[in-house]
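> here is the input, now give the coordinates:
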Amino acid sequence: MTVLWTAAEIAAACHGTASGDFAVTGVAFDSREVGAGDLFVALKGGATDGHRFLPHAFAQGGAGAIVSEACDHPHVLVADTILALDDLARASRARTAATIVGVTGSVGKTSAKEALWAALDRGAPGRVHRSVKSYNNHTGVPLSLARMPRDSRFAVFEMGMNHAGELAQLTRLVRPHVAVITTVAAVHMEFFADEAAIADAKAEIFQSLEPGGTAIVPFDNPHRERLIAAARPHAGRLVTFGSADGADVRALEVMRSDSGGSFVTARVGERELSFTLSQPGAHWVANALAVLAAVDAAGADLGLAGLALAELGGLPGRGARFRTASGALVLDESYNANPTSMRATLAVLADEPGRHVAVLGAMAELGVDSAAYHADLAQPVLDAGVETILLVGEAMAPLATALEQKVNVVHVPDAAAAVAALRDVVRSGDAVLVKGSNSVGLSRVISALGGKA
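This is a model prediction of the structure:
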């Protein structure tokens, strides 16, 4: 495999001292993810100390480590491993000639990041780097940067936040040429005064745009003008996407395709593009428009992007689909949830054949209005034609009350109880939506439905 970092390069970037010569082909800070040739960064946190896992990391095939304590393995010794990871990220960003795209948003950022990677990779196979999983926070973003191959042509980084100021810090590391906000919605309301404050926090992604960079903003969002105003001081170009008149990248026509996705005709500036979108739902049409805007801004091929969008598969926890042994269709949206994404995926369920069943987990971090946000899902549930609903978590009580005598409601305290209740809820021919905040643990329900529990 191609060398990613040499010991000398790591030491120079992190202001450390190398124990000797070595070279690495990857980077990890979780010893369970270390593979042959990887650099293990021994982070110290409140809960654990990565130095404890050095033997395991090297047993897994690690080739070197960044440490703040002496060790018997090949290493670079630094004063602080967390700061060293940031320094390695900066060095990676400084040496690359890649066009960098940063993606954030209250909903859809991981899906948009994956779709954008697929679209860019279609034209530059093997030379497009991206952050994996949901590595989008103060450790995940620098790790993703440090992993970027030096000869990358494009790179796509997802950036998340749940407090003001976090994105400003991340975008200083990423320094994108193109910055995308998928949408602004009521997420992490526990930590913000209102949605406008969330819009301001999301708009921090524009603060470290490279000179002449492009800011991409959702045209249909009620906070559009606020986002545009925040982008103007930093962006050389502003691009909007959406379905309403006036959007720079606009869906002119959307039809449901025979495969369950959508056939979309879109205008991108002065050009028109027709393509099939494999993933169903209006929210995926919006994601696709954001992707096209970013592909165009990055100077990549729109036609190849359209082909990639036709071949997208659903991500585990974010739109993957499978059949149970009994023949029920499962829509796996178990990774996370908020009021906006709940409505979007219930609308997808509405179009599926068969009896509609929803397994919905509580939505986290909604603050003092949490009960109202949960109760307000009653109408979308009814609009989706749900006949039986399995509600998971104490916070779902307001929704259970709102749905009394309207649908068959089963309310359980946790994911374990939900798994136990499944046998009495799901039957052959059903279409089953599973969605909730990650903290609820509905991945256990997905495993049970897939025969893995």
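> for the rest of this, base every contact and every neighbour count on C-alpha atoms.
Fine.
> contact partners for Pro211?
Pro211 sits next to His177, His234, Ala235, Gly236 when contact means Cα atoms under 8 Å, 6 or more residues apart in numbering.
> Val410: which element?
Per DSSP states H and E: Val410 is located in strand 408-412.
> one step back: tabulate the contacts of Pro211 (JSON lines), appending secondary structure, pLDDT and neighbour count.
Converted to JSON lines, the contacts of Pro211 look like this (DSSP: H, G, I helix; E, B strand; the rest coil; pLDDT from 0 to 100; neighbours: other Cα atoms under 10 Å):
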{"residue": "His177", "secondary structure": "coil", "pLDDT": "98", "neighbour count": "24"}
{"residue": "His234", "secondary structure": "coil", "pLDDT": "98", "neighbour count": "20"}
{"residue": "Ala235", "secondary structure": "coil", "pLDDT": "98", "neighbour count": "24"}
{"residue": "Gly236", "secondary structure": "coil", "pLDDT": "98", "neighbour count": "15"}
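> and the two most separated of those?
His177 and His234 (11.0 Å; Cα to Cα).
> hey, what's in contact with both of these two?
Shared contacts of His177 and His234 (Cα under 8 Å, 6+ apart): Leu209, Pro211, Gly213.
> which of these sits closest to Ser106?
For the shared contacts of His177 and His234, with Ser106 as the reference and Cα to Cα as the criterion, the closest is Leu209, at 19.8 Å.
> roughly how far apart are the residue nearest the centre of the chain and Ala79?
Centroid-nearest residue in the chain: Thr110, 1.9 Å away (criterion: Cα atoms, centre = their mean). According to Cα to Cα, to the nearest Å, Thr110 and Ala79 sit 33 Å apart.
> show me the contacts for the residue nearest to Phe29 when sequence neighbours are not counted.
Spatially, and ignoring its direct neighbours in sequence, Phe29 is nearest to Val41 (4.8 Å; Cα to Cα, 6 or more residues apart in numbering). Residues in contact with Val41 (Cα under 8 Å, 6+ apart) are Val27, Ala28, Phe29, Gly50, Ala65, Ile66, Val67, Thr81, Leu85.
> now Thr345
Contact partners of Thr345, counting by Cα under 8 Å, 6+ apart, are Gly281, Glu333, Leu433.
> top of those by neighbour count?
When neighbours are counted by other Cα atoms under 10 Å, Glu333 leads those with 28 neighbours.
> what pLDDT does Ala453 get?
We have a pLDDT of 47 for Ala453.
> how far is the strand holding Val410 from where the chain is centred?
30 Å (Cα atoms, centre = their mean, to the nearest Å).
> now, the contacts of Val41 that are in strands?
Using DSSP state E, the subset of the contacts of Val41 located in strands is Val27, Ala28, Ala65, Ile66, Val67.
> got CSV for these, with distance to Ala448, neighbour count and pLDDT too?
CSV is the format used below for the ones in strands among the contacts of Val41 (distance: Cα to Cα, whole Å; neighbours: other Cα atoms under 10 Å; pLDDT from 0 to 100):
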residue, distance to Ala448, neighbour count, pLDDT
Val27, 33, 27, 98
Ala28, 30, 22, 96
Ala65, 38, 30, 98
Ile66, 40, 29, 98
Val67, 40, 26, 98
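> okay if I get these as JSON lines plus distance to Gly46?
Listed next are the ones in strands among the contacts of Val41 as JSON lines, based on distance: Cα to Cα, whole Å:
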{"residue": "Val27", "distance to Gly46": "22"}
{"residue": "Ala28", "distance to Gly46": "19"}
{"residue": "Ala65", "distance to Gly46": "20"}
{"residue": "Ile66", "distance to Gly46": "18"}
{"residue": "Val67", "distance to Gly46": "17"}
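> just those now: which is nearest Leu304?
Val27 (30.7 Å).
> for the contacts of Thr345, which one is nearest Ser92?
Glu333 (33.7 Å).
> give the contact list for the closest one.
Glu333 makes contacts with Pro316, Gly317, Arg318, Gly319, Ala320, Thr345, Leu433, Val434, Lys435, Gly436, as judged by Cα under 8 Å, 6+ apart.
> which ones among those residues map onto helices?
Counting by DSSP state H, the contacts of Glu333 place Thr345 in helices.
> of the contacts of Glu333, just say which sits nearest to Val359.
Val434 (4.7 Å).
> any idea what the closest one is bridged to?
Beta-bridge pairing for Val434 (DSSP bridges): Asp332, Val359.
> correct me if wrong: it contacts Leu442.
Yes - under the criterion of Cα atoms under 8 Å, Val434 makes contact with Leu442 at 7.3 Å.
> between these two, which contacts overlap?
Ser334.
> the strands in the stretch 1-150 of the chain, which residues?
5-6, 17-18, 23-24, 26-28, 38-41, 64-67, 75-77, 99-104, 128-130 (DSSP state E, counting those that start in this stretch).
> which strands and helices sit next to the longest one?
Right, strand 99-104. In terms of contacts (3 or more Cα pairs under 8 Å, 6 or more residues apart in numbering; DSSP states H and E), strand 99-104 is packed against helix 109-123, strand 154-158, helix 166-174, strand 178-181.
> counting neighbours, which bits of whichever helix or strand comes after the strand holding Val410 end up buried?
Next in sequence after strand 408-412, counting helices and strands by DSSP H and E, comes helix 415-422. Within helix 415-422, the residues that qualify as buried are Ala415, Ala418, Val419, Ala421, counting by 16 or more other Cα atoms under 10 Å.
> name the helices or strands packed onto helix 415-422?
strand 386-392, helix 443-449.
> which residues touch that helix?
The contact list for helix 415-422, computed with Cα under 8 Å, 6+ apart, reads Leu390, Val392, Gly393, Val412, Val440, Gly441, Leu442, Arg444, Val445, Ala448.
> rewinding a little: how about a markdown table for the buried residues of helix 415-422, with distance to Asn221 added?
A markdown table is the format used below for the buried residues of helix 415-422 (distance: Cα to Cα, whole Å):
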| residue | distance to Asn221 |
| --- | --- |
| Ala415 | 34 |
| Ala418 | 35 |
| Val419 | 37 |
| Ala421 | 39 |
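> quick one on the thing from earlier: closest to Trp5 among the contacts of Val41?
Val27 (9.1 Å).
> quick one: low-confidence ranges for this structure?
Residue ranges of the chain with pLDDT under 70: 452-453.
> domains of this structure?
With domains defined by automatic domain parsing, the chain comprises 5-81, 96-310, 320-449.
> just say which of the ones you listed is most tucked in.
Greatest average neighbour count among those goes to domain 96-310 (a mean of 21), per mean count of other Cα atoms under 10 Å.
> would you mind measuring from the residue nearest to Phe29 to Ala70?
Applying Cα to Cα, the value for Val41 to Ala70 is 13 Å.
> how about Gly299?
47 Å.
> try Gly126
Distance of Gly126 to Ala70, computed by Cα to Cα: 37 Å.
> ok, Ala36 next?
Counting by Cα to Cα, the gap from Ala36 to Ala70 is 22 Å.
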